[in-house]
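K.L.:
dropping a prediction and its sequence here:
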Amino acid sequence: MKIAVLGGGHGCYAAAADLSEQGHEVRFWRRDTQALQSLVQHPFIHIKDSDGERDVRIAKVCPDIGDAIRGAQLILIPSPAIAQLDIAKAVAPYLEDGQVVYLPPGTFGSYIMSEAVRAAGNKAEVTWAETGTLPWLVRKHGPDNVAVTMRATRLPTGVYPAKRAAHAMAVIKQAFPCIEPCEDALSGALMNAGPIIHPPLILMNAAPLQHFPEWDIHNEGTQPAVRSVTDKLDNERIAIREAIGYKAPHFPLSDHYQNDQWMYGDSHSKLVDSGDWREKIDLHSHRYMTEDTMLGLAFLVSVANWAECDAPVASGLLAIAGGIVGRDLRLGERTLDALGLAHLSRADMHELLVEGRA
């Protein structure tokens with residue numbers, strides 16, 4: 001299958017290498033053209049995982065995004081949610097009927113990017129999908145080197161519009177056999193693990209993060225008090241899903257710490273043992289704040305308000321984060337209010353998610 005991988009982060013390089021090893025024709029593009037030059041000259045990504053180390057050839061490294069997208073059946077964007085609007089504007093001139101765009105994870109980006117592409121004038125019948133996590137626990141160890149600690153074993157996936165879910169799932173399954181269907185894109189967005197794991201970890205570790213040169217929030221930062229708050233926050237996420245009418249499995253985050261039923265299987269101990277997550281986290285610029293808190297947690301709180309579901313832990317954490325960054329995050333760009341959807345009834349929201357925009 002022809003697959004375009006768009007973006008320059010950890011997951012993008014893991015995606016390009018993994019999917020190439022599976023035998024797919026990968027076209028790789030990133031916004032930073034200068035950083036792409038080493039791959040243009042030597043189209044190999046060095047990967048390290050439980051099978052050892054090796055160089056993986058990438059079929060086509062594309063400084064021009066159009067070259068990556070034309071004729072691709074699947075367009076994979078494992079980039080942070082903060083990059084989605086810029087990428088949507090870049091892909092808008094080239095998307096074609098029948099293509100599937102997959103966001104792992106999405107933070108409701110499936111709807112947002114679709115609207116941005118429509119606003120740019122592209123009316124192609126493109127199907128959008130998103131899942132609850134990046135399919136790899138991965139860190140880059142150099143410009144074109146990645147270390148993969150684990151791969152996802154379950155990827156709950158929602159599709160926008162849901163009426164084309166069968167087509168999207170058939171395409172995505174060729175690259176990710178472990179996908180599992182969710183009801184729609186909002187259901188998929190409410191599987192996003194980032195806004196549940198990371199806000200408690202960074203906010204409750206704020207002092208050591210600012211004091212020490214490096215701190216592993218998944219190791220010494222994951223103490224019983226933090227776990228308790230995380231569990232309560234995840235219970236609120238599940239309650240929101242149930243209030244809307246979404247069915248189990250809800251992928252409770254407790255499985256991430258206790259057994260092999262979560263998206264990565266038994267991953268927490270391997271994540272800690274790798275040492276790759278001992279890092280400097282700036283509370284104003286790191287994606288755990290800019291993506292998972294300012295976008296993802298704000299979105300979760302807004303959905304709770306729309307569904308009339310009490311979420312005191314989510315709201316409290318969002319207020320604390322707002323105190324750190326100096327603004328009211330309830331007014332953020334990725335809330336249902338900002339997206340113009342907060343006024344919709346349950347029936348109207350369901351129709352939008354299934355049918356898409358007319």
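P.N.:
Structure's in. What do you need? Residues are numbered from 1 along each chain as shown.

K.L.:
state the mean pLDDT of stretch 16-32.
P.N.:
In this model, stretch 16-32 has an average pLDDT of 97.

K.L.:
ditto for stretch 293-311
P.N.:
Mean predicted lDDT for stretch 293-311 stands at 98.

K.L.:
give the residue spans of this protein that score low on pLDDT.
P.N.:
The chain contains residues with pLDDT under 70 at 255-262, 264-277.

K.L.:
and the contacts of the biggest helix by length in it?
P.N.:
When the chain is parsed with DSSP state H, its longest helix is helix 224-244. With C-beta atoms under 8 Å, 6 or more residues apart in numbering as the contact definition, helix 224-244 has outside contacts at 186-187, 190, 196-197, 199-201, 204-205, 250, 252-254, 257, 300, 303-304, 307-314, 317, 346. Glycine gets a C-beta too; all of them are placed from N, C-alpha and C.

K.L.:
among the residues you listed, which ones are in helices?
P.N.:
186-187, 196-197, 199-201, 254, 257, 300, 303-304, 312-314, 317, 346.

K.L.:
which among those end up buried?
P.N.:
Those of the ones in helices among the contacts of helix 224-244 that meet the buried threshold are 186-187, 196-197, 199-201, 300, 303-304, 313-314, 317, by 16 or more other C-beta atoms under 10 Å.

K.L.:
tell me which of those residues is nearest to residue 57?
P.N.:
Nearest to residue 57 among these is residue 197, at 34.0 Å by C-beta to C-beta.

K.L.:
how near is the closest one to residue 2?
P.N.:
33 Å (C-beta to C-beta, to the nearest Å).

K.L.:
so residue 146, which state does it fall into?
P.N.:
Classification of residue 146 using DSSP: H, G, I helix; E, B strand; the rest coil returns strand.

K.L.:
again but with residue 157, I slipped
P.N.:
Here residue 157 is recorded as strand under three-state DSSP.

K.L.:
is it in a bridge, and if so with what?
P.N.:
residue 131, residue 181 (DSSP bridges).

K.L.:
residues contacting it?
P.N.:
Contacts of residue 157 by C-beta under 8 Å, 6+ apart are 102, 129-131, 169, 172, 179-182, 188.

K.L.:
most surrounded residue in the residues you listed?
P.N.:
Among the contacts of residue 157, the one with the most neighbours (other C-beta atoms under 10 Å) is residue 130, at 32 neighbours.

K.L.:
now the strands for the stretch 1-150 of the chain?
P.N.:
2-6, 25-29, 44-49, 52-57, 60-61, 74-76, 100-103, 127-131, 136-142, 145-151 (DSSP state E, counting those that start in this stretch).

K.L.:
how about residues contacting the first one?
P.N.:
Looking back up the chat, that one is strand 2-6. 12, 15-16, 19, 24-30, 65, 68-69, 71-79, 87, 91, 175.

K.L.:
ok, residue 86 - contacts?
P.N.:
Residues in contact with residue 86 (C-beta under 8 Å, 6+ apart) are residue 31.

K.L.:
next one: it from residue 225, what distance?
P.N.:
If you go by C-beta to C-beta, the gap between residue 86 and residue 225 works out to 38 Å.

K.L.:
neighbours around residue 218, how many?
P.N.:
If we define neighbours as other C-beta under 10 Å, then residue 218 has 18 of them.

K.L.:
whoops, I mixed them up, residue 125
P.N.:
Neighbours of residue 125 (other C-beta under 10 Å): 13.

K.L.:
which residue is the nearest non-sequential neighbour of it?
P.N.:
residue 97 (4.7 Å; C-beta to C-beta, 6 or more residues apart in numbering).

K.L.:
which one of the contacts of residue 157 is nearest residue 113?
P.N.:
residue 130 (9.4 Å).

K.L.:
who touches that closest one in this structure?
P.N.:
Contacts of residue 130 (C-beta under 8 Å, 6+ apart): 102-110, 157-158, 160, 185, 188-189.

K.L.:
repeat that for 10 Å
P.N.:
Contacts for residue 130 (C-beta atoms under 10 Å, 6 or more residues apart in numbering) come out as 77, 81, 101-111, 113, 155-160, 182, 185-189, 191-192.

K.L.:
just the buried members of these?
P.N.:
With burial judged by 16+ other C-beta under 10 Å, the buried subset of those is 77, 81, 101-111, 113, 155-160, 182, 185-189, 191-192.

K.L.:
distance from the centroid: which residue in the protein tops it?
P.N.:
Largest separation from the mean C-alpha position in the chain: residue 41, at 29.6 Å (C-alpha atoms, centre = their mean).
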